[in-house]
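Asks: return atomic coordinates for the entry below.
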Amino acid sequence: MAAVNLNLIAENASRLGMRLQETLSEHTRDLAIARGSGSAFLDNPEEKVKNIGRQLDSNSDREKLEAMKRLIALISRGRNVSEFFAQVVKNVASHNLEIRKLVYIYLLRYAEQEPDLALLSINTFQKDLSDPNPLIRAMALRVLSGIKVPMIGSLVVLAIKKCAADISPYVRKAAALAIPKIYHIDSSHQPQLIEIISTLLKDQSPLSIGSVAIAFDAVCPTRLDLLHQHYRRLCRTLIDVDEWGQVDLMNLLIRYARVMLPRPILLENASGPAQYDVDSDLKLLLTSAEPLFQSQNPAVVLAVARLFYYLAPPPEVPKIVPPLLRLLHISHEIERVVLTNLVLASSTLSDVLAKSYTQFLVRADDPRHVKKDKVRLLRSVINAENYPSLLREFICYADDADEELVADAIQGIGYIARLIPESTQQCLTALMSFIQSKHDVIVTNAVLVLKSLVQILIQQQQNVLAIGGLPSQSFSPLEIIARLARRIDDIRHPKARACVVWLVGQYASSAAPAENGSTSIGPEGIAPWAPDVLRKMAKSFVQETAVVKLQIITLGAKLLVLCPSDRTIGLLNRYVFELARYDLNYDVRDRARTLRALLSGVNASIYGENDDGHEDVGGVVLRREQVKVVLFEGKASPAEDVVKEEDDHGRFGSLAAITGRWTGSDNYLPDWLEEGTESSLRDSEADVPQVPVYASQSSVRSIGPSSRASPVVLTPTGRASPSGSIVRQDSSKAAYMDLDKFYEDTEETEESEESESEEEGDEDEEDGTASGSGDEGASTEGEGAEEPESEEDGDESDEAKSDSNHAQGTTR
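Replies: Sure, this is the predicted structure:
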């Protein structure tokens, strides 16, 4: 018997194992089909492609699904599979949702190429608009709006209008997203689309309002008057909208606020921090958007920062810094976007950003654009407390392999020297060490920065000497120029060479006494190294660029004015002017002709004895002092760059901050209006205060087997005030200023209420006893005659109780 049971168990176990194996194999096959977007469907030999048509005509949903997946895989590889269009269209009405999704994707791809066949499926899509499944309705509208056939524009508009009134917010969202598509196909439907947008703006669901903002910007971006009645509701529902809808909605509300709301006005206070008068509607927008700083979506955080940057009063703008700094560590792409926007805001937020300057230090693995933005941010946050650390950072960056970073770092050192006078000597020491470098890019940028510092130091020396003081610089400006003049052959950059030549000519007269008090070995009134620079530059004049040639001609003219009797300087000038006379650059020729004519009154031999081409055209001849004023006074270096201030119309937080140019997707913000529109335009039914209503319910009583409750009274009685839910106290009672007095009055009120309730309770008991005896007497004589009297007595007692309860509630 035991052996039989054992065999039966073994047989059942084997059957169960076979069933489990079949089930697992079946589910594994389904899983393979679900994951078949990989090599299984991308590897499509010609035999399988030929079987696609047969599979599409099959009655099995599994084969149809496999065929559609192969078609989508072929489309992703760029192969034209429009030959199966007719067979795919027949599966539009499939009951399988996965098949229908893939059919929709296929139709969106080839509907424009096969408009005639696509029109055959429109009836099916219109039927799907009434499908009980909201997902099917939304997908049908999406496909209808994606068929780029202008002749069906009216049908699509009707479908959008129908879905805009759908009970499902998902379908209404699809309707809002379909509006820009049909508008780009045929803009003649704009009036009907604006009406649909007006209807969708009334939607109370936060799911679709973000898509409505997209449709509004695409169809009627200037019709901001449509938002008057919905502005406050949009502000309140902003926090409940989906993430990307929040971005679009905030951009729309920013434009509305700039056009329709007044700018915050600074209040004139004699003392204390600055205070601003902010409009209530603008304050509502700022308050509603501020919690979104904690969003996990970087785009939402940047949109809120943009809203505060352009709408908030100045004391509230620094709130954008901590949320933006939180985004720096998410990814390199987000870091680049955030840094670019922080650079734009650094001019107004430098004090706040200076507290977090360590987050802007350059790392070795940073991309080039990130390094550039970080250096610009570090320059904007320099102050008296952090400049030693930033100076060491810039000196370290000068050894980087990136030439742009090296140039920005050396310019940052010069910026520190100009901004913080106490750091001038440290910066000069670092820059003079850079001149000894073997790298041209370091030497070039060091020369460009030294040029501007030399001018500043000379001006400071003149100011100190004017008040009778002594200069305290370890590096005198003339010593710096002398070092640069001796290394003119090692400086190869044209702009740097032009700067050195300009410095030599501009300050050659200031170095007449030689260093250490010794006599000068150069020409009278000229530094000893100045003529040597002119000799070297005249020798290489032909190989120089145009900007250097212009400075060489000017250098020769300045030296000749300072020492017109020196024969060597006169010969060098004549040689340079002759070379410039036949130069290919017309600027060089014009400069040489002008200066040569100007110097004719200083040195008559400037044209030479054998110069037959010169003609005396007459005119006024300037004296030497006049020519010196023309050449030396009020001159600027050719290396000075003029920074142009650009008008910022919403660049912060937009794509224009990254690309440097405005695109169609950017929201160009207009200027603030002097006075906003009337606040009453934004009043709606939801903003009207509700009149409080008092509900008094009479006590429930039962007479015999039947019980009846008194009706609920929804109108205020004459004893109650309808102005608010809290009953106002008498005007004779002053406001409580003492807590002890408040408690004493409260105890007295409670005691009086208790005594009143006891008295009323005694009266009710007496009335109840009298009525009870009357009822008993009436019952012995006849119930029918005495019932009305008992009911009237009961009603009177109920009214008395109601009045007493109302009086107690009023007292409390």
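Asks: quick one: buried residues of the helix or strand where L428 lies?
Replies: Counting by DSSP states H and E, the element that carries L428 is helix 424-435. The neighbour-count check on helix 424-435 (16 or more other Cβ atoms under 10 Å) flags 424, 426-428, 430-432, 434-435 as buried. Quick note: C-beta positions are derived from backbone N, CA and C, even for glycine.
Asks: and the pLDDT for the residue sitting nearest the centre point of the chain?
Replies: Nearest to the geometric centre of the chain sits G653, at 2.2 Å (Cα atoms, centre = their mean). Looking at G653, its pLDDT is 80.
Asks: wait, what's in contact with it?
Replies: Contacts here follow Cβ atoms under 8 Å, 6 or more residues apart in numbering; on that basis G653 touches 302-303, 305-306, 309, 341.
Asks: then D587?
Replies: 546, 550.
Asks: swap in A303?
Replies: Here A303 is in contact with 246-247, 250-251, 292, 653 (Cβ under 8 Å, 6+ apart).
Asks: secondary structure element holding it?
Replies: Using DSSP H and E, A303 falls in helix 298-311.
Asks: quick check: next helix or strand after that helix?
Replies: Going down the chain from helix 298-311, the next helix or strand is helix 321-326, by DSSP H and E.
Asks: packing partners for the helix or strand immediately after that next one in the chain?
Replies: Next along the chain after helix 321-326, taking DSSP H and E as the criterion, comes helix 332-345. Under the contact criterion of 3 or more Cβ pairs under 8 Å, 6 or more residues apart in numbering; DSSP states H and E, helix 332-345 touches helix 298-311, helix 321-326, helix 368-380, helix 656-659.
Asks: quick one: mean pLDDT over the first one.
Replies: This predicted structure assigns helix 298-311 an average pLDDT of 93.
Asks: that one vs helix 332-345, what angle?
Replies: Using axes from the mean of the first three to the mean of the last three Cα atoms, to 10 degrees, one finds that helix 298-311 and helix 332-345 are set 0 degrees apart in direction.
Asks: between the buried residues of helix 424-435, which is nearest Q113?
Replies: Distances from Q113 to the buried residues of helix 424-435, taken as Cβ to Cβ, are shortest for F434 (63.7 Å).
Asks: I'd say the closest one and L448 touch.
Replies: No: using Cβ atoms under 8 Å, F434 makes no contact with L448, being 10.9 Å away.
Asks: which residues do the two both contact?
Replies: I410.
Asks: now for the buried residues of helix 424-435: which two are most distant?
Replies: For those, the farthest-apart pair by Cβ to Cβ is T424 and I435; their separation is 16.7 Å.
Asks: and the helix holding L428, what does it pack onto?
Replies: Based on contacts counted as 3+ Cβ pairs under 8 Å, 6+ apart, the elements that helix 424-435 packs against are helix 387-397, helix 403-419, helix 440-466, helix 477-486.
Asks: tell me the spacing between the closest residue in space to L252 that isn't next to it in sequence and G660.
Replies: Take L252 and drop its neighbours on the chain: the residue closest to it by Cβ to Cβ, 6 or more residues apart in numbering is A213, 4.6 Å away. Distance, A213 to G660, by Cβ to Cβ, to the nearest Å: 26 Å.
Asks: the more surrounded of those two?
Replies: Counted by other Cβ atoms under 10 Å, A213 and G660 do not tie: A213 has more neighbours, with 26 against 9.
Asks: and that one, which of the three is it?
Replies: Following DSSP: H, G, I helix; E, B strand; the rest coil, A213 is assigned to helix.
Asks: and the gap between it and L141?
Replies: From A213 to L141 the distance is 19 Å (Cβ to Cβ).
Asks: surely L193 meets H184?
Replies: No: with contacts counted by Cβ under 8 Å, L193 stays clear of H184, the gap being 11.1 Å.
Asks: looking at the two, which one has more neighbours?
Replies: The neighbour comparison of L193 against H184 (other Cβ under 10 Å) goes to L193, with 22 against 11.
Asks: in the helix or strand harbouring the more buried one, what counts as buried?
Replies: Using DSSP H and E, L193 sits in helix 190-201. Residues 192-194, 196-198, 200-201 are the ones in helix 190-201 that count as buried (16+ other Cβ under 10 Å).
Asks: likewise for stretch 141-160?
Replies: Buried positions in stretch 141-160, judged by neighbour count with 16+ other Cβ under 10 Å: 141-149, 152-153, 155-157, 159-160.
Asks: that older thread, what is the helix holding L193 packed up against?
Replies: helix 153-164, helix 169-185, helix 206-219.
Asks: can you list those in CSV and add distance to A111?
Replies: As requested, those are exported to CSV (distance: least, Cβ to Cβ, whole Å):
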stretch, distance to A111
helix 153-164, 12
helix 169-185, 12
helix 206-219, 21
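Asks: just to revisit the earlier point, tell me which of the helices and strands packed on helix 332-345 sits most buried.
Replies: Most buried of the helices and strands packed on helix 332-345, by mean neighbour count (mean count of other Cβ atoms under 10 Å): helix 298-311, with a mean of 22.
Asks: ok so, going back, what separates the helix holding A303 from the chain centre, distance-wise?
Replies: Centre-to-centre, helix 298-311 and its host chain are 5 Å apart (Cα atoms, centre = their mean, to the nearest Å).
Asks: average model confidence for the helix or strand L555 falls within?
Replies: If you go by DSSP H and E, L555 is part of helix 546-562. Average pLDDT, helix 546-562: 90.
Asks: do the same with stretch 314-321
Replies: Per-residue scores along stretch 314-321 average to 92.
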